[in-house]
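quick check, what structure comes out for this input:
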Amino acid sequence: MKHALLDNQPILLLPETYNRIPHWRFVARQGKVTCPACASPLTLIAGISFEPYFTHRSGIDCPAEDELTAVEWMPALAETAATLAFDEPAAEAAVPSPSNDSSAGTEQPEDEDTMIGSFRMPKKRAIGGSVTPPLPAPKPAIFRKKLTPKKTIQHIVEERQNTPLHPNQERAVHTTDGPLLILAGAGSGKTRVMTSRTVHLIQQTGVEPRQIMVVTFTTKAAEEIRQRIARELPARQARELVAGTFHSIFYRMLLHHQPERWDQQRLLKKEWHKWRMLRESGVLIGHDELLALKENEMLEALGIISRWKNEYILPQEALYREAANDTERKAQQLYPLYESAKQKLGWFDFDDMLIGCYEMVKENPALLQRYQERITHIMIDEFQDINRIQYEMVKLLATPHNNLCVIGDDDQSIYGFRGSDPHYILGFTKDYPQAKTITLEVNYRSHTSIVSLSYSLIGNNRSRWEKECRSFHHEEGETYLFEADDEEEQASRIVDEIAHRHKQGVSHGDCAILFRTNESARPILERLSEAGIAFHYAQEEDSFYQRQTVRWTIHYLRLAINPDDTDALKEILPTLYLSSELWNVVRSQAILEDVPILHVLPQLPQLKPFQRKHLQLIKEILEACRHSPPAQALELIYEDGKLRDYLKKRAKERENGRERWSDELQQIVSAAKRHATIPDFLRYIDQMSQQEKEWRTQRPLPDEAVHVLSIHRAKGLEYDHVFLPDLVEGALPHEFTLDELRKGGHAALEEERRLLYVAITRARLSLSVGIPRERFGRKTRPSRFIAEMGR
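Prediction:
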C-alpha cells in the first residue's frame, strides 16, 4: 500500500514525501499509522531495491492491500502529498513526541522553544553542539539510485566460458620452473590454480609431495586446499604435502629441533595475556610512566612492538627510530622490558615463532641446507600480505632452486597495521629479475557492474601493478546507492531490504553487511534483532550498553524515572564528584527521612555551597526529564547536568581520531530518537542487552543467518548480496587516514581504497552502498571514493 492515515489525516508514499519516511516509520511503530479501509495499524517497509510501502501486520487480512480501496482517497492524498513535499522534515524527525501526545504528525512553529518542566530548550539547539546559524535547506536525500561504474569491464567471449581453465590459468599451472609471480585479482580462481598447479607438479613433473610447500594466510584456506588436493590425489600423497600457515609450518620446524624451548603451554595467545605477564613479572617497577598506562594504551604499544618484530626490528634498533607519536615512544620504552619479561618467565608470542625459526636456520647453515634440499618448490598464497620476516625466511628456503611461486593481488593488501607491506609483491621482479609474471584477469565471482565499480575505484591508486580485467558473467548485477537520515535509518533500510529479499527466496546466509569500524555495527545488530533475523557476528569488544559512558547515561535516565533507584545513584556518584565513602551516608539519610535517595543529595551537610547548588540542579533536571522524550532528556543531562563536561575532563586519550566517549553519547541519542518515552527506551535497552548476551554465547551458530563483519574479516569470503554502510568521509576513508593525508602522506589513503576494493569484490549479485546524512550527531560528506568509482 502507498497510502495510510496518520491521526486521521491521509499520507501518501511518493518520491516527494520520501523525506518523511523516518518520521512515519517512528509513528508507525507506535501504532499511529492506520489503514484507511480497516483502521488496523500499518508497518512502513522501506528497503533499497524496491519502492517503500505500508503493509498490515501479520495475521490481518484486508482488501486494501490490493490498492483498489485507495481510489476514494486519491484526491485528498495527492493534495496532502503536495503540501508535505514543501515542508521541512528535519525538526519533526529529530526529536519524537511522547506517545501520549495527540499532536503527533503536526508541526510546531519553527521559532518556538520547547519547555521541559522549568527548563527551556531551544528547538534548534543541536544535541551536544553549540548554537549555530541556520543552514540552507539540504538537498533531497537519494532514496535509491543505480551506481553506474565509471569504467566498463568486458565479459569474456562465449567459447572460453566452458573450459576448465582460462588460458592464463593454464599458463600459471604449467609454469613450474623458476620464480613466478601470479597476479590474481578478486574472484579470479586462484585456489583452483593453486590446486591444479600442485597436482600438476606431482602427477606430471614427478615432484614428491613432501618436496612441495604451500603456504596460506589462514588455517581455513590451508584446509580448503588440502581437501581439494585430496580429491585429486591418493590419500598418502595428499598427507605428505607440506601445507599450512606461516606460523603453523615454522612452529612445526621449531618443535622438531628445539622442543624444550617452544612448549605450546608457554604461548601468549591473547593480547591481554601479554598485559598480565608484564604486570606479574615485575619488569615495570621503576618505570612509572609505563606503570601508569591504562590497559588499552598498553595494548596499543604492544601492537606497535608486534609490527616492529614482523619487520625484524629488534629492541636496540627500535630505540634509535624517530617516534612518530607518543604511543611509539612508549613502545620504544616497553619493547626491551617486554622481551626481558618473556625471557625471564619462559613465555613466547606468535611473532617469536617467525623470528625464532628464521634465526634458527640462518645461524645453522647445515640445517638450512637440509631444508633447502628437502623443499624444492614453494607456493605462497596472499603474497600481498607478507611481512619482512616471512619474506626473508621464504627467500632462504627457496635458494638455490628458486622455484618460488607467489600468488596475490597488490590491490588487496589491507593489513598494514600488522606489518604487511605491498612493497614485497610490487618489488618481487626486482628481487627475482628472471621471474615470469602472469595475470589472472577474469573475475568469476561478481557480475559485471560490480567488477566495473571495483576496477574504476582501484585504478586511482598509484602504487600498483597495472592489470587487465574481464568478467566471466554476462549479467550486469545490481549496484545501488542510497542515502538515509542517520545511522539508525540506514540500518532500518538495510534490514528491510534483507527481509524483502528473503521473501523472494534469498537465504539470509547469502547476505553480508560489511563495516569499516565497529561503531557501525550497533544499530544494524539491533534492527536485525528486532526483525527476528538470525545473524553471525564476531566481536571482541564489550557490549555497547556495558561501556562505562553508556552505563552512566542510562543510570541517569533510570534515576529520572525512579528517584529512589539506589543502584542507579550509586553508579553515577563519580560523575557528581562525590566519593564512594559518601554512599552509606546518603543511603542512611534517605532511610531516616523516608524520602527518595535522590532528594537527600542536596541536603548533605558535608557539601560546599557550589556542590549543594549543583546537586539541587541535578535533582530538578531529573524531575523535569521524567515525562520528556528520551532524546530531550539526554540533552538536559549532557548539557545542563554537566555530564559532558565531566567526561571531557575525565578523558585522557582519543580514539578513532576523536573522543570515543563523545561518539558513544551521540549513539545513545540516535537510539533514543526512536522511542517516545524514557520507560520505552529503557525497556528497549534491557531487551537488547539480553538478546546480545544470547547471540554472543549462542552455540552452535545458525546456518541460515546474515553475516555481520568487518571488511578486514571478510577478506577471502564472498556473498550474493553485500551491504556497505557508512561510506562517508571519516569512516571510509577513516579519520586517521584523513589526518595522514593532511600531513602529505598518501599511503594510508591507498590502503583505504584497497579496503573498499576488497569490500566491493565480496559481492556476487548485488551491492548496496549507504550514506547516512548524519552520523553520531554530525553532518557527513559522502566518501570521495564514491565519485572515483561511479556516477
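
got the domain boundaries for this protein?
For the chain, automatic domain parsing gives the domain ranges 3-87, 158-259+354-444, 270-347, 478-534+702-789, 545-682.

buried ones in stretch 601-617?
By neighbour count on 16 or more other CB atoms under 10 Å, the buried set for stretch 601-617 is Leu601, Pro602, Leu607, Gln611, Arg612, His614, Leu615. (C-beta placed from N, C-alpha, C; glycine too.)

the fourth one: what's it in contact with?
Yep, that's Gln611 we're talking about. By CB atoms under 8 Å, 6 or more residues apart in numbering, Gln611 lies in contact with Tyr577.

also the fifth one?
In this structure, Arg612 makes contact with Pro602, Leu604, judged by CB under 8 Å, 6+ apart.

quick one: it from Val600, how far?
Using CB to CB, to the nearest Å, Arg612 is found at 12 Å from Val600.

any shared contact partners between these two?
With CB under 8 Å, 6+ apart, Arg612 and Val600 have no common neighbours.

before we move on, back to that, from the buried residues of stretch 601-617, which single one is nearest Asp485?
Comparing the buried residues of stretch 601-617 against Asp485 with CB to CB places His614 closest, at 35.5 Å.

next up, the contacts around the closest one.
Leu576, Lys642.

what's the helix or strand for it?
Assigning secondary structure by DSSP states H and E places His614 in helix 609-625.

now that helix: average pLDDT?
Averaging pLDDT along helix 609-625 gives 87.

after it comes which helix or strand?
helix 630-635.

show me what that following helix is packed up against.
strand 114-116, helix 548-561, helix 660-672, helix 678-697 (3 or more CB pairs under 8 Å, 6 or more residues apart in numbering; DSSP states H and E).

now Ile668: how far from Pro725?
Look at Ile668 and Pro725: by CB to CB, they are 19 Å apart.

burial measure for the residue lying closest to Gly346 once chain neighbours are set aside, as a count.
Nearest residue to Gly346, sequence neighbours excluded (CB to CB, 6 or more residues apart in numbering): Arg266, at 5.4 Å. The number of residues packed near Arg266 is 13, by other CB atoms under 10 Å.

pretty sure Glu752 is in contact with Gly730, am I right?
No - the criterion here is CB atoms under 8 Å, and Glu752 misses it with Gly730 at 11.2 Å.

which residues does Thr780 contact?
Residues in contact with Thr780 (CB under 8 Å, 6+ apart) are Val728, Glu729, Gly730, Ile771, Pro772, Arg773, Glu774.

Arg144 versus that one, what's the distance?
From Thr780 to Arg144 the distance is 18 Å (CB to CB).

what's the answer for Val600, then?
Distance from Val600 to Arg144, by CB to CB: 55 Å.

now do Leu457
To Arg144, Leu457 is 20 Å away according to CB to CB.

who has more neighbours, these two?
Leu457 (24 against 21).

nearest spatial neighbour of the more buried one, chain-adjacent residues omitted?
With CB to CB, 6+ apart as the criterion, Leu457 has its nearest non-adjacent residue at 3.7 Å, and that residue is Met789.
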